[in-house]
Structures are given as C-alpha cells and as structure tokens.
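*Asks:* The sequence and its predicted three-dimensional model are supplied below.
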Amino acid sequence: MSVNINIKNAIKRYGENTILSGLSVNIKEGELFTLLGPSGCGKTTLLRMIAGFNSIEGGEFYFNDAVINQMSPSKRNIGMVFQNYAIFPHLTVRENVKFGLKNRKLTKEEMNQLTDEMLRTMQIEQYADRLPEKLSGGQQQRVALARAIVIKPDVLLMDEPLSNLDAKLRVEMRSVIRDIQRSVGITTVYVTHDQEEAMSISDRIAVMKDGFIQHIGTPKNIYQRPANTFVATFIGRSNMIKGQLKFNNQESILRIHNTEFKMTTLKKSVNQNQDVVVSIRPEEFYITDDSTQMKGEVLDYIFLGLNTHYTVKLESDELIEIVIESSIDSIIQPGTHIHLGLKLEKINVFTQDGKENLVTGVENDNVQEKA
Amino acid sequence: MSKKKLDIWTTISFVILITYVLFLIYPMFNLVVESLVNKETQTLSFEYYQKFFQFPYYSNTLINSFKVTVAVTILTLLIGTPMAYFFNMYEIKGKSWLQILIIISSMSAPFIGAYSWILLLGRNGVFTNFFKSTFNIQIPDIYGFNGILMVLTLQLFPLIFLYINGAMKNVDNTLLEAAENLGYTGLRRFRTIVFPLILPTILAGSLLVFMRAFADFGTPMLIGEGYRTFPVLIFSEFIGEVTGDKGFAAAISIIAIGITTIFFLVQSYISNRKKFSMSALHPIEPKKISGIKNVLLHLYIYLVIGIAMLPQGYVIYTSFLNTKGMLFIEGYSLMSYTQAFDRLGNSIQNTFVIGGLSLIIIVLLAILIAYISVRRPNILTKFIDTLSMIPYIIPGSVLGISLLAAFLTPPLRLAGGVTIMVIALVIRRLPYTIRSSAAILQQISISIEEAAISLGASNLKTFFKITVPMMSAGVIAGAILSWTTIITELATGIILYTGRTKTLTIAIYTEVIRGNYGIAAALSTILTILTAGSLILFMKFSKNKDLSV
Ligand SMILES: Nc1ncnc2c1ncn2[C@@H]1O[C@H](COP(=O)(O)OP(=O)(O)OP(=O)(O)O)[C@@H](O)[C@H]1O
Ligand SMILES: [Mg+2]
C-alpha cells in the first residue's frame, strides 16, 4: 500500500534559526518525487521531518488522511536509504535485509522467502552471507535499498543515496532505483543536489532555495518553463540577458539591445511595456546569415564531440554561451563576427526581479505564494 | 649500501630484545625453576603444586579470587555499560564534570577506597555508628567478600565506562536511525544493534577489569579479613618470615599467570571473531528527555558517581581533622599534613624520582618498540611486540616476586634499590604505552618519512626530526596517563620497596596498616591532587577529551 504525503505549512527551527517557515507540498501516491536544491537549502531537514527524526515546530504532515506529526519513526512504515547506507556492520547481507521483517507478523518461511526474493531482485544473492564491509559501494547501496524496500513500506525516503558512488556507478544505480521504484510503486521522496540525476529519475521535482520551494513540476516543464530565474539557472545552463517588452497594436515585441523579436508565447495578461530578463539556453541560439539578427563576436570555443560550445560577446558587451552541433567543415575561429537567431518558442522571459515567468506554459504545483 | 652494515633499527631491535630477556624472560624462567625445584633435595618436583591443590586453605584462595573477580566484572559491566550508553544517548546535566569525576575515581588506588569505606561502614565506621545510635540498625558487614566486591566494583566500573564511552563515539547515528526506521527502539535496538557493535569493546574492557580485580592486592588485604585471595596468599607466602616459602610462592604465581593467560586468550579469540571496523560519520547526538524518565536517569547517574566519589571525598575531609594518636578528634588543622611531611616527606620525592625515571624510559622504549613493530615488521620485531605484551597478563605481585628473586644476588644485585623499582614500573606499564603509540604511528603516513629519507636524511635523523615530533602530542597524552598509573601502583612496589625507596602510594598503604589514618589521609589527598593535576595536563595535550586507558 502506498500513500499520498501532504505537508502543510511545515516549520522547522534550530534554536534561533528558522530553516523552513511554512513549507507546503503534496506528494502524490506512487510517484518518485525529488527535492532538488543547493547545499543547505533544507532538503535533508524536510526529509528527516517526514521520517520522524527531526522535531516538527509547526504545520501538519499527512500520510493520506492521518496526521503523523506525533507518530514515532518506528511506526511510520517508512523505508529509508541513507547517504552512507547505514548498513549494520555486524550482520551479514541477508541478516541486514531480513532485519526489518522480524517486526512484521510473518512466519519464518515467509520471511526467508521475501528476503531471498529481494536479494535476487537486487542481484546481491551471491553475497548474501558476507559481512557488508567486504562489499563494494554499489553492492552496499543495493543492500541498503533491499533492506528498505523488503518491508513493503508506505513511503521510501532516500537522501542523496548515490553521492558516495563513482560517476559510472551513479548512472547505473539511477536506473536500478527507477526500475525498482516503478515496479513496486512506492511513494518515494528522493533528495539530491545533482540536477541531472533529478531529471533522469523523477516524476516530479521540487526545486528548493533557502527553505522555500521555487517550482514543483515535471522534469520537462521545469527545464523548459522554469517558474523564475533561480530555477532557470539552477536547472541546466541559461544565458540571462537584459531586454525590454514593448506592446503596440496586438504585437508583442521583445527588444534585446538593437534587435527586435516578435513574441507569441507571452501570457495574455502581460501587456505592459517593461524591462525584462530574458533566459536563453545555449542550444536556443542558432547561427544565421540574416544580418538583421543579433550581432556577436566569437571569443573562444570548446569542442566536445557532438557539440561545440562558443563563448560570444554581444554588442551590449554581455557574454553568452551558445551550443551548436559540431559540423564537419570547420570551427568558427575566435574574432569572427557572427549573427545569432533565437528559437523564440523556447526562450523564457522573466520580470526584471526574476520572480515571474511571463511566458505561458509554466506548470507550477507549488501552492505557496511566497518567494 | 653495503649489506654488512647493520641497519640501525636492527641494532636497536636487538638491544631491546636483550633488555627483555634480561628483565622479563630471565626472572620468569627463574620463577618457573623455583616452583619446580625442591630446596632441600635440589631435584625436580611438583610438590609445591600438589601442596596448593591438596590443601583447601590454599586452593580456596583461587576459588575466592575467582568469585570476586567474576562478580566484579559482571557488576562493573552492569553499572558501567548503561551509564556509558545513557551518556551518549541523552542529555545529562553537568556531563563534562561527571566525566572528569569518573576519570579521577578510576585513577585512584583501590586500597584507598577500601580503607575509606572501612572508616565509613566498618565496625567503628561513621555511618555504622550513626545508624546504630539513631535507628538502632546494624548495617551489614563490609568485611570479606561483600566489601571487596563493593570497593573493586566502584573502583573499576569507570574503566568499563571509559571503554564503552569511547566505543559509543564510533557508532554512527544513522545505524540507530535505520534500526528505528525498521521498527526497533529502546531496549530491542540496544540488544540487536548497539550491543553487538560495542561487544568487542565490552570484551576488552571486561578483560582489563578482570586482570585488575584478579591481581588487586591492597583491597583484599585491608578489607578482606578472613577472605583471602590469590595475591594476598602470594604476598604472605613470599614475605611471611615464619611460614614463608619462596618456592611455594613461585608455584602459586605460575598458577596465577596460567589463569590470566587463559582468560586473555579466550578474550582475544572471541573479540577477533567479532571484530569489524567502525567509524562514525555522524556521531550520536544526545537527546533531551523529560519527565520521570529524565529524573530516574539523573538519579541513577548522580547516585552511582556520588557513591564512587564518597571515599575519596571522605579521605580528603579527614585529612584536615585533628588527630590524637590514631584517632580523629574534634577540630580542624593541618596537623596530619605536617606530620606526613615530617615523617614521610621523602616518599613524595621518591615518587617523583622513581616515577619520573620510569616515565622517561617508558616513553622512550614505547616509541622505539612501536616504531619497529609498525614500520619494520619482521620476525624479530614481531617477537619483541609479543614479548612486550606479556606483562599485561602478569599480576603485579607476581612480577614483583620474580624480579626480587632474580636480582637478589650478584652478579646483578639490584634488589633494594631504585633501579629495580623503575624496572618493575617500566615493564608493567609498557604494554599500554606501546599500544597507544603504535595506534598514533599507524595514523601517520609513511610517505612523510620516505620524503625525508629521499631528501637525504638518515634513518635516525628522520626518526627524531620527523616521526617523533609528529607523534609527540599523542605520546605526551599517553605518558600523562601512564604517570597516573605509575604513581598509584602498589602490588609490585610493596614487594620491592625498602625504607629508602618508599613511594607515596606505598607510604599511604603502610600508614593505613599501622592505623595512622590522619597521615594516610593527608598523603592520599596529595596523591589525588597529583592525579587530578596530571589529568588537567592531559586534557590540555590531548585533542579529544575522551580517555582511552
Ligand atoms: N542539527 C542541526 N542544528 C542546527 N542547524 C542545522 C542542523 N541540521 C541542519 N541545520 C541547518 O539547516 C540548514 C538546512 O540543512 P540541510 O541539512 O537540510 O541542508 P541540505 O539541503 O540537505 O543540504 P546538503 O545538500 O548539503 O545536504 C542548513 O543551514 C544547516 O546548517
Ligand atoms: Mg542533505
């Protein structure tokens, strides 16, 4: 059985420091929900409040309709995967996996059967009778995962479970986690500060900053239609360029330095002339011969095989980065003057304070209106 | 490099080996011979051993010692383990002070506790008389088994506490959380997770308590009365002028070593099988608890520590009382101190001379031996390492007897002098200091030394200019701890001392035996101050405040 986790106005204080001041989020049944944000933004804090290891200074935590604020961690039926795995060093792999089952009303046979199944699923049966210190990091990670899942928890919590692994294993374990989570369908809260990891495994992502959620949405929506400039820069790379919006008889014009673009993606409600911040991802530029487009001078390049990255200085002296698929002919040499076009349907336009995206299509499930 | 030229470390290894052969192997061998040779006929015989097991008067001491030791070990575990566990799991008021008190009480000489308890609960004790006159209650006798048990338990539970406290610091908090998360809390979590994790440490601590309790001589001597233990028997057989029989004492000594060896081996066997490496990324954070649980927790901790400190406190108090002959009388003064300095002032001096000399030699040898066994592992250094651990299982009085017997006559006539006292202290304390030095050395990367050598420094120069300075903070901290055990040493000293080489601890003991409680109290107070002072020094030098003994 899986649950829906609903958090209303969660408050967390450490002494004088308020880490979370009224955070609300609704995590749907069966989804893999990721908390993503820079170091110290309160991801672990929130996760440990769900687990019951941190006190809750205010707000309500619901599993379905039941408030769990006061429930002991041992009663919440949560499977938890710790960053350092927290595998019991004095127990064998099998005993570790079996550990939590001993608390369920199961016969010995059922217990052994479930354990064996799980060991097989996680492909660690050949190490079943070893002590964990003899295992590699990836194997230990599998044991930790097996131990957390075998008890059929209502909720699975993982705090940077892959951060201790090397890059290759990290990618491999992502799909292991994703597959297992899909097949058992447990509501999962996943913490990471690696955005690529978040993008690749999540159903939805909550981007956090300083204890506040900025944007909750699917990886695709967060990437393509970030709610604000923080999200735009934190997820992927974005060039932030100054611009102005101008409206005259039904036409919305975005002016960047001396170049004007006709915008069709702006929200209906946006009709005031104003200064804006334009967020353009490196791949949203293209090089063109059209001399009415933006002018720039190539300063440097990095050849990365599939793509080539160029650093370009605009007429406004702003430096931007663009990505062009590598062509067979030749690399544009530093000093070359080029013209840049924009893939207008993709770019995002923010208010000058960066707090609001003026383009339609932002799907932000974040209920709180603060920022 | 020419092959003929011996490596300086090989030379040093041989010198150390010869020293051990001379001052440890030879006396022990001598002891075995004495126990097996009949004095009159000069033939090989097992009659001393037969005599021991034939007469219950002797063999009972073995049973007595066993009972006391096992009971003490169990009780110290029952008191010390929960205390260390609570200290790490919960917030406790005045924690750091309590910790210091526990350390101080672990460092005092047990027999001082025994004599203080006699003053409090003995036949004519303060509490005894108080209960008799006020409530007309006769409180139970503290002489014999019960008394020894109480004194040694209160004296030795701090060791268990310190050991387990150290181990708890290595338990990662996430392990506890993972267990809780899987439905294990409280006692069940302790049993399934915490206990197995600290089991190796519990075993090591138990062994140390076992060895100390088994070998303790002063406590049963003072408070045991008819209840004679092994070390008491050894002492009286060896020293006793009428009944004394050196060959017999030697035989008993060998039996004693046999027993401690068995326990040592059993302990190492079990803990080697249960061993695994632990280090805590997230140490356990003590939690606040409230209500009746919190009250009970504090009550338990303060009560136990209070009782453990009571004898020390009372001794200090009595040191300021006026005395008349052997009795304490009304009024306060520094009388006891004046008398103590007049009559036994030189014992303080002796303590510093003998203790200081021993300490220097201990530190020097410990660094050298730790170095050769960690950095130059070969058969020879491994053998030396093993040799250096032997004293761990030799009870103090046995070591005393063996040294005295071996060096009573020329060519090496050392008995009666300062040298033999120093040798005894060095041998006894060395195993501990070597271990702590080796642990420090293992943390220093060898590449630093290799860098020095590649830059052209010689082996010795590298050792003194690079290795020793890097080890020094840890070694000094270890040395200070050794110092506190050196100045409270009794079992060996009492056999080897003469009027000229009487140390503070021995002086206290002899004054207690004579009934000069005032002087004994004054000297004990000085000893306590010395110990506490050393402790403060230790805390200055040691980066982490947690003692490992
Ligand atoms: N036990 C504590 N006592 C006081 N402050 C704490 C405690 N734990 C965390 N904090 C503070 O709370 C804030 C949020 O910490 P948290 O561990 O939740 O960050 P995080 O988002 O998980 O960061 P990271 O990605 O580095 O793990 C930080 O400023 C941290 O210093
Ligand atoms: Mg964190």
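*Replies:* Thanks, I have it. Ligands and ions are numbered 1, 2, ... in the order given.
*Asks:* Tell me, how many residues neighbour the residue of the stretch 301-450 of chain B found nearest chain A?
*Replies:* Residue of the stretch 301-450 of chain B nearest chain A, by CB to the nearest CB: residue B:442 (18.1 Å). Glycine gets a C-beta too; all of them are placed from N, C-alpha and C. Residues contacting residue B:442 under the criterion other CB atoms under 10 Å in any protein chain shown number 12.
*Asks:* excluding its backbone neighbours, what's nearest it?
*Replies:* residue B:374 (6.0 Å; CB to CB, 6 or more residues apart in numbering or on different chains).
*Asks:* Can you get me the start-to-end distance on stretch A:98-106?
*Replies:* Terminal residues of stretch A:98-106 are spaced 11 Å apart (CA to CA, to the nearest Å).
*Asks:* Same check on stretch B:27-44?
*Replies:* 18 Å.
*Asks:* And the longest helix seen in chain A, what does it pack against?
*Replies:* Scanning chain A for the helix with the most residues, using DSSP state H, yields helix A:167-184. With contacts defined as 3 or more CB pairs under 8 Å, 6 or more residues apart in numbering or on different chains; DSSP states H and E, the packing partners of helix A:167-184 are helix A:137-150, helix A:195-201.
*Asks:* close enough to count as contact, residue B:526 and residue B:345?
*Replies:* No - the criterion here is CB atoms under 8 Å, and residue B:526 misses it with residue B:345 at 10.4 Å.
*Asks:* more neighbours, the two?
*Replies:* The residue with more neighbours, out of residue B:526 and residue B:345 and counting by other CB under 10 Å, is residue B:526; that gives 20 against 11.
*Asks:* any idea which helix or strand carries that one?
*Replies:* Under the criterion of DSSP states H and E, residue B:526 resides in helix B:517-541.
*Asks:* Point out the residues in the stretch 1-150 of chain B that sit beside chain A.
*Replies:* Within the stretch 1-150 of chain B, no position is near chain A by CB under 8 Å from any CB of the partner chain.
*Asks:* The stretch 151-300 of chain B now?
*Replies:* B:172, B:174-175, B:177-185, B:192-193, B:196-197, B:199, B:274, B:276-278, B:281-282.
*Asks:* are any of the residues you listed buried, and which?
*Replies:* Neighbour counting over these (16 or more other CB atoms under 10 Å in any protein chain shown) leaves B:172, B:174-175, B:177-184, B:192-193, B:196-197, B:199, B:278, B:282 as the buried ones.
*Asks:* Can you tell me which of the residues you listed end up in strands?
*Replies:* Using DSSP state E, the subset of those located in strands is empty.
*Asks:* mind listing which of those are in helices?
*Replies:* Going by DSSP H, the helices hold B:174-175, B:177-181, B:196-197, B:199 from those.
*Asks:* Any chance of those in CSV with distance to residue B:75 and pLDDT as columns?
*Replies:* Formatted as CSV, those follow (distance: CB to CB, whole Å; pLDDT from 0 to 100):
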residue, distance to residue B:75, pLDDT
B:174, 33, 89
B:175, 29, 90
B:177, 32, 90
B:178, 33, 91
B:179, 28, 91
B:180, 30, 89
B:181, 35, 88
B:196, 22, 90
B:197, 23, 89
B:199, 18, 89
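*Asks:* how about TSV for the residues you listed, with distance to residue B:101 added?
*Replies:* Putting these into TSV (distance: CB to CB, whole Å) gives the following:
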residue	distance to residue B:101
B:174	32
B:175	30
B:177	31
B:178	34
B:179	32
B:180	32
B:181	36
B:196	30
B:197	27
B:199	27
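*Asks:* Mind picking the two most distant members of those residues?
*Replies:* The span of those, defined through CB to CB, is set by B:181 and B:199 at 22.7 Å.
*Asks:* I figured residue B:72 was touching residue B:151, is that so?
*Replies:* No - using CB under 8 Å, residue B:72 is not in contact with residue B:151, being 9.3 Å away.
*Asks:* before we move on, back to that, pretty sure the residue of the stretch 301-450 of chain B closest to chain A sits against residue B:373.
*Replies:* No - counting by CB under 8 Å, residue B:442 does not reach residue B:373; the two are 10.4 Å apart.
*Asks:* Perfect, I'm done here.
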